[in-house]
Each structure stands twice: as structure tokens, then as C-alpha cells.
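# The following block contains a protein sequence and its predicted model.
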Amino acid sequence: LPRVMSKNGPLMSVIHSECRKEASRLGFPLINPLPDMKWGKGKTEALAALHYQLSREMVVEEWDGPGIATFRRVIERLEGKLRFTHPDMAVVRIIDSLESGTIPFTVSDIDGIIMLDHSPVICRAHTEMLLSLSKHRPIHQLAHPGNFRLGHHGNLLVDEHPVKDPKDLPHWVPHDRTPRKEAPTEVKRLLLRREAHSFEVAVRLVSERLNQGDAEVIIIDPAVEKNRHRWEQILGVIGISMERRGEPPSSHPIGHWILCLANLAHGSDAFSLENLRALSLQTSVTPFETPSEHPSESEITPSADSELLTKLARNEHVLGGPGALSKWIETLSRPPSNEKDGPVKEASQWWLLCLANSLWPLLRGPDRDLVSDSGQPIGCHTGEPLPLPDIASDGDGWLQNILSLIDLDSEMERYRGRGLSPAAAVQALVRDRETLREMQRRCGQEIPMLGPDWLDELISLAEQSSAITGGPNFSGNVSVLSPEEALGCTSELIVLANLS
């Protein structure tokens with residue numbers, strides 16, 4: 001079985017490109033009835049989500065709705081080109097292999113399998129896989145005998161009466177052990193005035209229990225991912241570290257500002273005052289390479305004055321959106337009305353021109369033409385030609401230039417050890433992009449290099465990429481889990497928090 005590849009990140013981008021190509025050939029006649037009709041990424045994501053659910057229930061072949069048959073062909077075609085297994089197809093391939101008589105080497109030297117209690121809503125694909133595995137090695141289930149009508153029972157692979165006499169157990173199942181005595185369970189309910197108090201009360205209960213001696217504690221929070229940062233902070237006060245999880249690169253200031261810089265020239269707020277001010281005040285990334293020194297006045301450097309930008313935007317009615325870059329360049333190129341503001345205005349003009357020059361591969365078509373045709377800019381105060389940084393040839397070159405301007409050694413020295421590290425944020429932006437480029441070349445897909453297409457690819461990859469956060473490895477005896485993750489876990493204390 002070829003390796004199973006994660007369907008997020010690069011693979012989703014490749015599938016979207018193939019679906020867009022298929023849509024132009026009317027491969028989705030009901031969803032995309034015109035060959036020149038735009039195929040948005042939302043359609044690909046919707047088909048992928050539907051295909052995932054149908055695959056879990058093994059009803060893809062029976063589904064007669066629009067799009068799935070073509071989407072399945074796209075996946076199978078990519079599997080052949082890239083020599084991988086799509087996650088939705090993995091279980092079916094395993095079942096086919098088990099049904100063919102092949103004994104997995106991982107179970108070849110065991111007598112049987114004891115299956116612990118599982119949720120009754122286990123999907124059909126996993127049930128069929130376990131049934132196929134039982135043809136090679138017997139499976140004995142330990143299921144909770146709860147109410148079937150209410151769904152409180154454990155999952156049953158086969159609807160048979162349970163074994164009540166130990167003599168009827170298979171010979172390979174241990175049955176001469178003395179069962180552990182059940183300890184009485186004490187349940188307490190604490191009523192709080194506000195849900196926000198759940199964090200402090202939960203941590204106080206955990207601290208009191210740990211002070212009594214070593215114990216396993218589980219905190220169950222239905223919104224654990226949303227509240228993870230809060231739990232990390234409040235548990236850190238009593239010296240407990242949570243398990244490290246993956247976070248997107250945008251969770252670190254470097255990743256956040258790289259994405260903001262790339263998106264500066266697009267949308268209804270392109271080159272808006274708010275975005276330019278924020279970009280000029282941040283210190284996480286350098287937006288462009290420092291150009292040569294000013295021809296006549298060395299004290300003038302490319303730097304934006306936020307107060308001047310605010311004044312000009314208000315007086316000249318410069319708004320964000322298409323055409324905003326042209327308006328800014330025109331406004332800043334005029335001679336200053338006040339001689340005292342001359343150096344500051346020229347510094348801001350120089351900063352904006354360097355920024356636009358650096359962002360050339362990412363600009364919209366009209367803005368790229370504006371920057372290319374503007375020629376050598378002249379300072380509004382000194383009248384001297386202003387040197388500009390070199391223009392990158394494509395979006396990949398721009399990203400490489402921006403990353404090369406980051407002093408990772410200094411950033412890592414200031415890293416406090418919690419959250420995403422600077423190096424991990426940069427690596428998350430680079431790693432999946434290299435994988436995507438290799439997959440695109442092997443599939444023969446056209447690689448976007450300029451403008452909105454390249455930006456959409458960058459944003460999509462950044463949203464789906466993740467890197468492991470820093471800090472100490474998880475070795476404590478306190479876990480914060482979702483209800484699904486807590487199924488089957490045991491501990492001396494369980495705290496149910498945020499249940500309003």
C-alpha cells in the first residue's frame with residue numbers, strides 16, 4: 001500500500017487545481033455548467049468533505065448526486081501520478097487486501113485481539129475493516145452493556161449474546177484473573193455565577209488533589225481548542241505543562257506579518273491607512289531590502305511617519321481598495337506644503353515606493369503596470385532620484401527574500417520557550433510550499449507565480465499548515481481533553497468544565 005498522505009496543505013491545493021481543470025472540461029456539468037465559469041475553492045472543499053463522509057460509510061459507489069464520481073476519478077488519477085494513497089481510500093484498500101487472504105505481519109504472531117469498549121457510532125468502514133481482520137485473527141470484544149435505545153452501549157461488531165460463563169471464553173483470552181473491586185464514585189456539582197470562573201475553579205480543584213499525593217487528573221472541556229491558550233496560561237501558574245500541539249504559522253508574529261504583508265495589495269482595504277500604519281509600526285519582519293543611501297541627504301531613510309500618513313489620508317481622501325496605490329504615490333510625490341515636513345514626507349514617499357517595488361510580484365495587474373511604468377522616482381523634497389530595491393521575478397522569489405531578511409538567531413534568543421518558535425513558523429511556511437511545488441511538477445500542473453493566484457495559494461497553505469509548539473515535552477499527570485478524546489480514559493479525578 002503506497003504511503004498515506006495528509007489531505008490538508010499541499011494535497012488539497014493539487015486536488016483543487018485538478019478539479020478546476022476538470023471543470024473547464026465540463027467534468028462537473030451540474031455544479032459548473034459553463035466551461036469558463038470560475039471554479040472556487042469552496043466547491044473543492046465541499047466535494048472533499050462529502051467524499052470523506054461517503055467513504056466512511058462505504059457508499060461512494062451508490063451515491064448518485066452530482067460531482068462525486070468525477071471527484072473520485074480525480075483522486076485516483078492523482079494517486080497514480082504521485083504514487084500515494086488518499087486518506088479516504090486507505091481503509092477500503094486495507095479491506096481489499098485483508099479479503100484477498102493476505103495476513104498482516106503485525107498480527108501474524110498473535111493468537112487473538114481483545115477490543116476494548118468503543119463508541120457505538122464507529123463508522124461502517126472501520127467496522128468492516130475489523131470484521132475483515134477477524135477472518136485472520138479472532139477478536140474478543142469488551143463492550144459496555146448499556147441502553148441500546150439511548151445509545152449508551154458499546155460498539156458491537158456482531159450482534160451476538162455476550163459470554164456469561166468464563167468457561168465459554170476462547171482459550172487465548174485470560175480468564176483466571178481476579179477482577180478489581182469497583183471503588184465508589186463520588187460526584188460533586190459546583191454551581192458558578194459565570195462560565196469564565198470555570199478555569200480558576202478547575203485549577204483550584206486540580207491543585208488540591210495533587211497536594212494530597214500523586215494522581216492522574218483529566219479536565220474535560222468541550223471547547224478545548226478554543227480555550228487551549230487560556231488553559232496553558234492558568235495551568236502554568238501551578239507548574240503544569242499541557243501537551244504540545246500543532247499551530248498555524250500565523251499564530252507567531254513573524255508568520256502573521258508575512259501574511260499581512262503579502263495581502264496588503266489585495267481586497268477592499270488594499271493599501272489602506274490602517275494596514276500601512278500597522279505595517280510601519282511592527283518590528284517582526286522587514287518589508288523590503290534596504291536600498292542604497294540617499295543621493296544628497298544621508299539622514300533621509302525609507303521610513304513611514306504614521307502621523308503624516310494619517311494627515312494625508314484625511315486631507316486627500318485616500319481610501320483603501322483598487323487604485324489606492326496610485327493615489328498614495330501621487331499624493332506623496334507632490335512637494336510638501338510645509339518645508340519642515342519635507343524630509344519626513346520624502347522618507348515616507350521613499351518607504352512606500354520601496355514597499356510597492358518589493359511587492360511587485362504580488363500586485364494586481366494594474367498596480368504591477370503602474371510600478372513598472374513609473375520609471376525612476378524623484379524625491380518630493382530634494383528632487384533627487386530615489387534608489388529602489390531589486391524586484392523579485394515571482395512570488396516564490398519574494399517570499400525567499402522576505403525570509404532572508406529575518407534574523408532568526410536573534411529571534412530565537414528572545415524566544416521564551418512557549419508557543420510557536422520563530423524557526424518553526426518560518427519552516428511551516430517553507431516546508432509545505434516545497435512539497436507542493438514538487439507535486440505540481442510531477443502532475444504537470446501550471447504553477448501560479450504572480451498576483452492573486454499566487455497569494456491565494458500562499459494563504460491556503462498557511463491556513464492548513466501547522467508546526468509543533470515549543471516548551472517542555474508533556475510528561476505531567478494532568479490532561480485537558482475534549483469529550484471525544486476522553487472516551488475510555490480513567491483517572492482519580494475528572495473535572496467537567498465550561499458546560500454551560
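In hand now; what should we look at?

# the strands in the stretch 351-500 of the chain, which residues?
Secondary structure of the stretch 351-500 of the chain (DSSP state E, counting those that start in this stretch): strands at 467-468, 478-481, 493-496.

# what's the most buried one of those?
Across the strands of the stretch 351-500 of the chain, averaging neighbours per residue (mean count of other Cβ atoms under 10 Å) puts strand 478-481 on top, at a mean of 21. Glycine gets a C-beta too; all of them are placed from N, C-alpha and C.

# in its sheet, what does that one sit against?
According to DSSP bridges, strand 478-481 forms sheet pairs with strand 217-220 (parallel).

# ok, back up a step: possible to save the strands of the stretch 351-500 of the chain as TSV with mean pLDDT and distance to residue 309?
Formatted as TSV, the strands of the stretch 351-500 of the chain follow (pLDDT from 0 to 100; distance: least, Cβ to Cβ, whole Å):
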stretch	mean pLDDT	distance to residue 309
strand 467-468	73	34
strand 478-481	86	44
strand 493-496	89	51
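
# Let's have those in JSON lines, adding distance to residue 305.
What follows is the strands of the stretch 351-500 of the chain, written out as JSON lines (distance: least, Cβ to Cβ, whole Å):
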{"stretch": "strand 467-468", "distance to residue 305": "36"}
{"stretch": "strand 478-481", "distance to residue 305": "46"}
{"stretch": "strand 493-496", "distance to residue 305": "53"}
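
# among these, which is nearest residue 73?
Nearest of the strands of the stretch 351-500 of the chain to residue 73, taken as Cβ to Cβ: strand 467-468 at 33.8 Å.

# Starting from the closest one, tell me which strands it pairs with and how they run.
Strand 467-468 is paired, per DSSP bridges, with strand 246-247 (antiparallel).

# Beyond the strand it pairs with, next helix or strand please.
Using DSSP states H and E, the next helix or strand after strand 246-247 towards the C-terminus is helix 253-262.

# Outside of that next one itself, list whatever touches it.
Under the criterion Cβ atoms under 8 Å, 6 or more residues apart in numbering, residues 248-250, 275, 278-279, 282, 284-285, 287, 359, 362, 399, 402-403, 406, 411, 420, 422, 425-426, 428-429, 455, 458-459, 462 lie in contact with helix 253-262.

# Tell me where the model's unsure across the stretch 151-300 of the chain.
Low-confidence regions of the stretch 151-300 of the chain, defined here as pLDDT under 70, cover residues 176-180, 243-244.

# ranges for the helices of it?
Applying DSSP state H, counting those that start in this stretch to the stretch 151-300 of the chain gives helices spanning 197-211, 228-236, 253-262, 273-281.

# Could you dump those into CSV and include mean neighbour count?
Output for the helices of the stretch 151-300 of the chain, formatted as CSV (neighbours: other Cβ atoms under 10 Å):
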stretch, mean neighbour count
helix 197-211, 16
helix 228-236, 16
helix 253-262, 21
helix 273-281, 16
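
# Which among those helices is found nearest to residue 57?
Closest of those to residue 57 is helix 228-236, at 31.0 Å (criterion: Cβ to Cβ).

# can you give me how far the closest one is from the chain middle?
Distance of helix 228-236 from the chain centroid (Cα atoms, centre = their mean, to the nearest Å) equals 21 Å.

# Check which helices and strands it sits against.
Helix 228-236 is packed against helix 197-211, strand 478-481, with contacts defined by 3 or more Cβ pairs under 8 Å, 6 or more residues apart in numbering; DSSP states H and E.
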